Each structure stands twice: as structure tokens, then as C-alpha cells.
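Visitor: The sequence and its predicted three-dimensional model are supplied below.
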Amino acid sequence: MDSQNTSAISSAPTFFASHRLRRNGLAAQIAGRIGSGMLVLWAAVTLSFVSLQLAPGDIVSLLIGEQLRTPEVEAAIRAEWGLDEPLLSQYLSYLTRILHGDFGRSYILQTEVSQLVLSQILPTLKLTTAALFVAIIFGLVSAVLTAGRRIPRGIAGALELTLVSTPSFWLGILLLYLFSFTLKLFPVSGDRSFSALVLPALALGLPLGAVVGQVLRQGLERALEEPFALTVRSWGTSGLVLRLRHGLRHAALPAVTLTGWLVGSLLSGAVITESVFGRPGLGRVTVEAVLGHDLPVVLAVAILSAFVYVTLSTLVDVLYLWLDPRLRSDSPEAAR
Amino acid sequence: MALAAAAPVRVGAQTKTAPVKGGALTWGVETEPNTLNPHLNGQAKAKLILRNAYETLLARTPDGGYVPWLAKDYAISEDGRTYTFTLRDDVTFHDGEKLDAAAVALNFAKLKEPTYSGSISAGHVSHVTEAIAVDARTLVLRLSRVYAPFLDGAAGIEILSPKSFASAQLKAGGPEIAGTGPFRIERYVKGQEIRFVRNPAYNWAPANAGHQGPAYLDNVTYRFLPEAAVRTGALSSGQVDVIEGISGNDAGLFKDNPEFTYQSALNTGTPYTLYLNVAQGPSEDVRVRQAVLAAVDVERVIRSVYRGERQRAWGILTPADTDFYDRSIEGSYGFDPKRANQLLDEAGWNSRDAEGFRTKNGKRLTIEIVQSQATLRDQRDILLQAVQAQARQNAGLDLVLRYVDAGTYTTRQNDGQYGIIPNSTTTQENGVTIYFHYLPRDKGGSINYSRTEAPEISAWLDEAASTLDAKKRFEIYGRLQRFTLLEQAYGLPLYVPDDQIAASARVKGVGFRPFKRLPENAYDIWLQS
């Protein structure tokens, strides 16, 4: 906010000065972004650490499970995992270790966390990227083709409402039943080929696409009622070109605001989708880690999600500047 | 003995056509192993996967006997404290090492280290004082005292190659952790599948296996499909060849369908039982506990919830435990609403509140059932609701259902803050599970849900553990069963959990282990062309 204001005020008359200032402004903006990003990361680590300490059940009991519990076993477990130290020093030593890229070892899976996360991140990335494509394409097509047209609008709206309100578990099973078990077009499980990605991407992407579609359509309809739309029409431009070239840019702003929500939904939706389709991935690992009190894994995933979130929200801010010239600090409108 | 003869043999042995060598099999399984190291993995459902690569000293027969496997022979000294195993001399691990007595002794030594095996080190192996390789073929284990379940435990420990203990994969398991099995781990994709390839050198199957020599299949892949409906769909559409874990509703799709085979086997261990807390709340009173047992028509509840696909339980062990299940308990107690009400009247719970529940001094007769979400499978939530309805209707008992996460469950269990804990166990056999359930919690009763500390029980269990006379042990456990269920009503056994396997009809030789009744590995499986 601050850096934006200062750069807006300082946007100077001469081209060179303005250019230099804009660069400084941008650098400060980016530095501020990174700084606040680190702060968010640290907060994510601390909050996850605290909440796992507050959750019921101590880690030693969970590790022992219903096996025999003797003082020697208990001591060995505490020593092995560093649980015999006071909480504060556990927390501090954890912070030091993650700065060196060491995320510790999973209590339950007995494996290095960084290795575990690295092995699971690619399948989740594939799934969420594919689902994002599905969501955007579905949203775009549905909005551009139906905005402002009564009957198609009604049909698309009903379809979107159904998709949004269908639990993804159900949608996954339904897609599997139709396209895998009955028509045998796609395989059921795994991260083995492109065809195995189709159904999970649809199951995860369609409900999100429905929300994107609703938001885009509203924006598009508003844009088409603006005076500029009439001007463009008067040039003899076809309706589709008007929608794609001029309307969409206006409609995109509120939809882009959804990105943060979209990323969150993709990550949390991946949990269910991965388990229904028997896909590897971070979502399943996370749920099992939370249920099993597997602290090192939960913390690593929390840090990773915070990182993704911070990176994307920075990108979105940049995207705003590109989409809407009024927000650019050097533009005459902003300097008004 | 007659029972053993009547027990089903492996399906592979019954087929008339000669088995075909080669081919690949895909098996859809419910549970992904936490770790692939068989020493550290406590999941009963992971055994069918791990048994492809890891083997034990002795195998079991349906009647509870022992047959040679990695050990050709065994002997127990007269004082019951020295076990001598004579090993085969032709066995090699997947990493090329020879199996010898030193390798087996190393396994026992490692298992005794708490840093390696955590709480497992406190189990069977804690009784071992010395593991000595007398010569290359002879292993001697000395125990601190006579401990009857030891042979079952020791004979069931998977033997890993000595090099494995130096591997970085040791705790997580993996291809570097070498066993001696008919298949070796080729590839593990977490969250997706694990693939095994045939061990061509394999020639040491247990004497009671379906065949000898290498396995028939070239390779076998276990695909992790946690959703029951997805496993069913994957099998019926031909995407996998075998599945396990079939819901009661789906069983009909594969039963009596010529394109598939369907089989089920009762689990050993303990039935799914409601254990009543004797140390807290209304269930402290033996009359209230007996009233709970009499208030529920278990037979009817099980039949209606599972549509005849599950068997009602009676005892402290399941009928599949051919060593120690005393079936004289069957029918000796049960549904009797008149008695239930009489008992509660006697116990002073003789007024009713507006909702029809019994009260005493203005307090409602409420017992809280704490069910862990981790073991909430097999429609147990519906079963518990049915039990709750019956208790209310027949005796005015208020059973409150709480489904809790792993952390809360452990806390409640440690603090004793519950009225009833329902659970079943599958892995601990040869009577060991009785010790875990009925010894005081600080004396080894790690899952003593009823929290009984009755001195007579401890005395009986001590007596049984220090004799190798199986008949005497049977009698003692029978006495304990009558005491805990008929006299003290520590628990209400509901049903016997089972395992189910469905397979495409071209898959032959798939089945259950002869004794522990868990699904067997892929050694005897072959594909009809």
C-alpha cells in the first residue's frame, strides 16, 4: 500500500525521472512483498507448531500406539525424536534446521520429510495444474458463450449450480462409474499416464470452473452494458470479438481476485480426489499426517502451502497491473 | 483334528488344470503400508503385501501346528527355556547373502534394541536373553523364563538380510531391505502402487504351500485404492485382477457370478466387542454391565446391519482362533430384556425421566461409547446406532456415541475417561491378545479397555504363560472367558471381523493363509490363459 502511494505521488513529469522512480518503486514493492512473505511463512510454521502441541494426545503415546509401553521404550522414543527437550528448544532447533533445508523425519512413515514431499509434489502439481486448466477453460467457454443470452444463460447457470453443490467425492465416483467402469475410456487409478489424469482433473476442476464461470459471466454482462461496448459495436465488430477482446479484460478482474480462493480449493480438493482415484500426492499424505499427529510432515506441508500462496498472490498483484492500467502507478489516471 | 481336515485347502490345490507359468497380476488393496520394513509394520492389512518378500522360520497349519520354512526343524528344551532352530542351508537373500544362523541371530539382537523397533522390542523378543549362532545352521534362543506364546511369536518374525540393517532405507523399508521371499520389491510409488518381481532362485516354500519352486507369476502389482466402491468398480471393469475388502453391499456382485470368485475368512484375534469400563461411571456396577449384555439382541442387529454377511460373536476370541477358542460359551448368555430391567431395578436405576431413560438420584443412566475414527470401518457406525437404539428401547439405557480422532482416543484411553470402548484386534495370536486385554494396564495390559485388575485373572494368566501344555492353557483361557463375560460382563462381543477377496475367474490359487486367515501372498497364484 505504502510503496504504491509514494510511487503514485512521485510520478513525475519527465519521462526519465518517472521511469527511474517507477523502477525504484517496483523494487521496493517486491522487497516489501518478499519481506511480508517471509513473515507469513514464519507465522505459518509457528501456528502449525503451536496448534499441533495443543491438539489432544501426546506424540509418544501415538507412536507407541497399542503396543506394550515400558519406561525404556518411552525414553528411547523421546530421545530418538528429540522430544525430551523443552518445547521452546524443540521449536528453535526446528527453525534452525529448516533454514538448512532439513525438515526432519516422519514419525509414522519413517522417512525423510523433504524426500517424501519432493516425491509427492509432482503428482499433485500435475493434478492441480490440469484441474486449473479445466476450471479456466470451462469458466471461459461457459461465460463467453452464454453471457447476456437468456436461455443458454439459464442452462449454464443450472449446470454450474449443480457442479458447485456436488461433493467432489461424489463427482469423482460418478465420473469413474461412467467413464472408467462402464465405458472403459479412462483407467481408474494412479499417476501413470495422461489418460489417468483426465478424470481426476475433471472431478477437481469442474466445480471450480463453475464458480469461475459465474463470476466471469457477471463481469462480462456488466462490461457489455458499458458505453464503450456500444462504441465498439458501432465499428461493426462481431459480438464474439467484442466479448473476447474487450469485454473479457473487464470481466477478468473479479475472476482474478478469486485466484487465492482457487489455489486453496485446489489444494484442499486434491485430498479427496487423490484418495478416490488412488493417486499419489501431497493431499493424501497431509491428511494421514494430521490424523496421525505426524508433526514433521504437517509442518513441512504448511510451509510449502504458505510458500505457494505467497508466490501466487504476488503474481496476481502483478497481473492486476497488467490487466488494469488504472492501477499502474505511472499512468496518468493513477496520478490524477 | 476333524476340524483341520474339514477346513478348506487352498483353491489352487483343488483346480484340475495344470498351473501356467508367467503373466502379471494387479491386486487392488485398501491399505498402504506405513513402512515396508516388516519388523516395524504393525498393520494386519499390510501383511499380504509384505509376505511376498519376507519370510519366517516356521509356517502354520490350519490346526495351529508348525511346519518347516526357513527352519527345517526346531526343538524346545525340557525346562521350556531354550529354543533350538535348525536352518535350511540352501536359502539366499535377495541381495545375494546366504541365510545362516548368524543372520537370524542378528535379527533377534536388532529387534531387542528400542531404538530400532520401538515398542515392538518390549514384546516377544524381550523374553530372549541370548541369541546364539552355534554353527552356521543352528540357532539357539535362551529365554529368561518359560513364556508359552514365544514359539508363535519367534516363528513369525520376518528374517532380513544382515546388510539390510546398514541400509539408509532400514526404517522406511524398500528394495534395499532384502528378504528371502518368492518375490522381491522392484518399485514402490508412494500413494499409488508397489511392484514385485519373481525371485527366480526361490526354492524353499513352506511344506504346506500349494507348490514348490519359483512363483508362477512374473510380477505382481498391489495398487492402493482406499475407496471400497472404487475397488469394486476396478475389478468389475477388468482394470485389476483381484481386490480385497469388499463391503457387505457389494459382495452380491461377485458371489454366484461365473466371471468372478468370492471368498471370505473370519479373522483371528478378538471380535468387535464393546468393552465396559469397570473403573468409572455406572458401568462400575456389575449389574449394570450385565444389563447391557442382556439388553441388546445382538443376533438380530448383526443380521439386519450386515445382511447376513457377518457372523455374530460370543467369546473373548474369534472362532478362527483354533488354538484357544472355547465354543462352550456360545448361547450361554444373551438377549433377555426382562433380566436386563430386573438388574437395573436392583441396581437402583428404577425411576425414568421424561425421555424414558432410567435415572438414579436425578441422574440419567448414561454410558459414553468412545469409538476411534481410525477403526471406524465396516459399517460400525450403523452397528453402534442399532445397539444404541436397542439399549434405549429394551432397558432405558442411554448409550452416547462419540467418534474421536487418534489423539483424543489415546488420551481418553490413558485417562480412563470413557464408559465403553469398542474394538477388535487381528494380529496378536496364540493367546497373547488375552494378556494385552486382561492384565492390569501397568503390567502389560496395553489394551485393557475394561480396566479390570481382578487378581484371579492375573494369577490365571501367569499360570497359563508358564506352561507349554496347550490343553491346560485352553482350560485356563476358558475359565477366564466365563469369568470375564458371564460373571463380570467386562464386554459385549458383537461380530467377528473377516477378510474378503474377490477375483476375476481366470485368477487361480488366490486365498487365505492356512492359520492366521489373512489374505495370502501371490506365491501360489497363476493366471489361466
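Guide: Here it is on my side, so go on.
Visitor: got a list of what B:N249 touches?
Guide: B:R307 (Cβ atoms under 8 Å, 6 or more residues apart in numbering or on different chains). From N, CA and C alone the C-beta is placed, and that goes for glycine too.
Visitor: Tell me the spacing between it and B:V230.
Guide: Counting by Cβ to Cβ, to the nearest Å, the separation of B:N249 from B:V230 is 14 Å.
Visitor: B:N341: what secondary structure?
Guide: Per DSSP: H, G, I helix; E, B strand; the rest coil, the local secondary structure of B:N341 is helix.
Visitor: Phi, psi for the closest residue to it other than its chain neighbours please.
Guide: Nearest non-adjacent residue to B:N341, counting by Cβ to Cβ, 6 or more residues apart in numbering or on different chains: B:A395, 5.7 Å away. B:A395 adopts backbone torsions of phi -140, psi 0, taken as degrees, to the nearest 10.
Visitor: give me the element the residue in chain A positioned nearest to chain B is part of.
Guide: Chain B sits closest to A:G57 of chain A, with a gap of 2.6 Å, by Cβ to the nearest Cβ. For A:G57, there is no host helix or strand (DSSP states H and E).
Visitor: same question, A:V232
Guide: Using DSSP H and E, A:V232 falls in helix A:227-234.
Visitor: how about that helix: buried residues?
Guide: Buried residues in helix A:227-234, defined by neighbour count with 16 or more other Cβ atoms under 10 Å in any protein chain shown: A:A229, A:V232.
Visitor: on that earlier part again, verify the stated contact: the residue nearest to B:N341 with B:L344.
Guide: Yes. At 6.1 Å, B:A395 counts as touching B:L344 under the criterion of Cβ atoms under 8 Å.
Visitor: Now the common contact residues for the two.
Guide: B:A291, B:R358.
Visitor: Double-check B:Y306 against B:P497; I have them as touching.
Guide: No. Using Cβ under 8 Å, B:Y306 is not in contact with B:P497; the gap is 10.9 Å.
Visitor: More neighbours: which of the two?
Guide: B:P497 (25 against 20; other Cβ atoms under 10 Å in any protein chain shown).
Visitor: For that one, give its distance to B:R310.
Guide: Distance from B:P497 to B:R310, by Cβ to Cβ: 8 Å.
Visitor: what do you get for B:Q280?
Guide: 30 Å.
Visitor: B:K72 now?
Guide: Per Cβ to Cβ, B:K72 is found 40 Å from B:R310.
Visitor: and what of B:A201?
Guide: 42 Å.
Visitor: Which of B:K72 and B:R310 has more residues huddled nearby?
Guide: Comparing B:K72 with B:R310 by neighbour count (other Cβ under 10 Å), the higher total belongs to B:R310, at 22 against 16.
Visitor: which residues touch the more buried one?
Guide: For B:R310, counting by Cβ under 8 Å, 6+ apart, the contacting residues are B:G248, B:I302, B:D378, B:Y495, B:V496, B:P497, B:D498.
Visitor: now do A:Q218
Guide: A:A251, A:P254.
Visitor: Does B:F254 touch B:Q263 like I think?
Guide: No. Using Cβ under 8 Å, B:F254 makes no contact with B:Q263, being 9.6 Å away.
Visitor: neighbour-wise, which of those two wins?
Guide: B:F254 (22 against 17).
Visitor: Tell me the pLDDT of the more buried one.
Guide: What the model reports for B:F254 is a pLDDT of 94.
Visitor: how much space is there between the residue of the stretch 251-400 of chain B found nearest chain A and A:E288?
Guide: Using Cβ to the nearest Cβ, the closest approach of the stretch 251-400 of chain B to chain A is made by B:A374 at 7.1 Å. Spatial separation of B:A374 from A:E288 under the definition Cβ to Cβ is 10 Å.
Visitor: that older thread, which residues does the residue nearest to B:N341 contact?
Guide: Contact analysis of B:A395 by Cβ under 8 Å, 6+ apart lists B:A291, B:A294, B:A295, B:P337, B:A340, B:N341, B:L344, B:R358.
Visitor: Find me whatever residue is spatially closest to the residue of the stretch 251-400 of chain B closest to chain A, sequence neighbours aside.
Guide: Per Cβ to Cβ, 6+ apart, closest to B:A374 is B:A406, 5.6 Å.
Visitor: so that neighbour touches A:L62, yeah?
Guide: Yes. Using Cβ under 8 Å, B:A406 makes contact with A:L62 at a distance of 6.2 Å.
Visitor: intersection of neighbour lists for B:P497 and B:R310?
Guide: Taking Cβ under 8 Å, 6+ apart as the contact rule, the neighbours common to B:P497 and B:R310 are B:D378.
Visitor: Now do the contacts for the residue of chain B found nearest chain A.
Guide: Minimum separation of chain B from chain A (Cβ to the nearest Cβ) falls at B:G407, amounting to 2.6 Å. With contact taken as Cβ under 8 Å, 6+ apart, B:G407 is in contact with A:A55, A:P56, A:G57, A:L62, A:H293.
Visitor: re the thing from before, the contacts of B:R310 in helices, which ones?
Guide: Mapping the contacts of B:R310 onto helices (DSSP state H) picks out B:I302.
Visitor: Could you dump the contacts of B:R310 into JSON lines with pLDDT added?
Guide: Below are the contacts of B:R310 laid out as JSON lines (pLDDT from 0 to 100):
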{"residue": "B:G248", "pLDDT": "77"}
{"residue": "B:I302", "pLDDT": "94"}
{"residue": "B:D378", "pLDDT": "82"}
{"residue": "B:Y495", "pLDDT": "96"}
{"residue": "B:V496", "pLDDT": "94"}
{"residue": "B:P497", "pLDDT": "91"}
{"residue": "B:D498", "pLDDT": "90"}
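Visitor: out of the contacts of B:R310, which are buried?
Guide: Buried members of the contacts of B:R310, scored by 16+ other Cβ under 10 Å, are B:G248, B:I302, B:D378, B:Y495, B:V496, B:P497, B:D498.
Visitor: OK, contacts around the last one?
Guide: What that stands for is B:D498. If you count contacts by Cβ under 8 Å, 6+ apart, B:D498 has them with B:S264, B:A265, B:L266, B:N267, B:R310, B:Q311.
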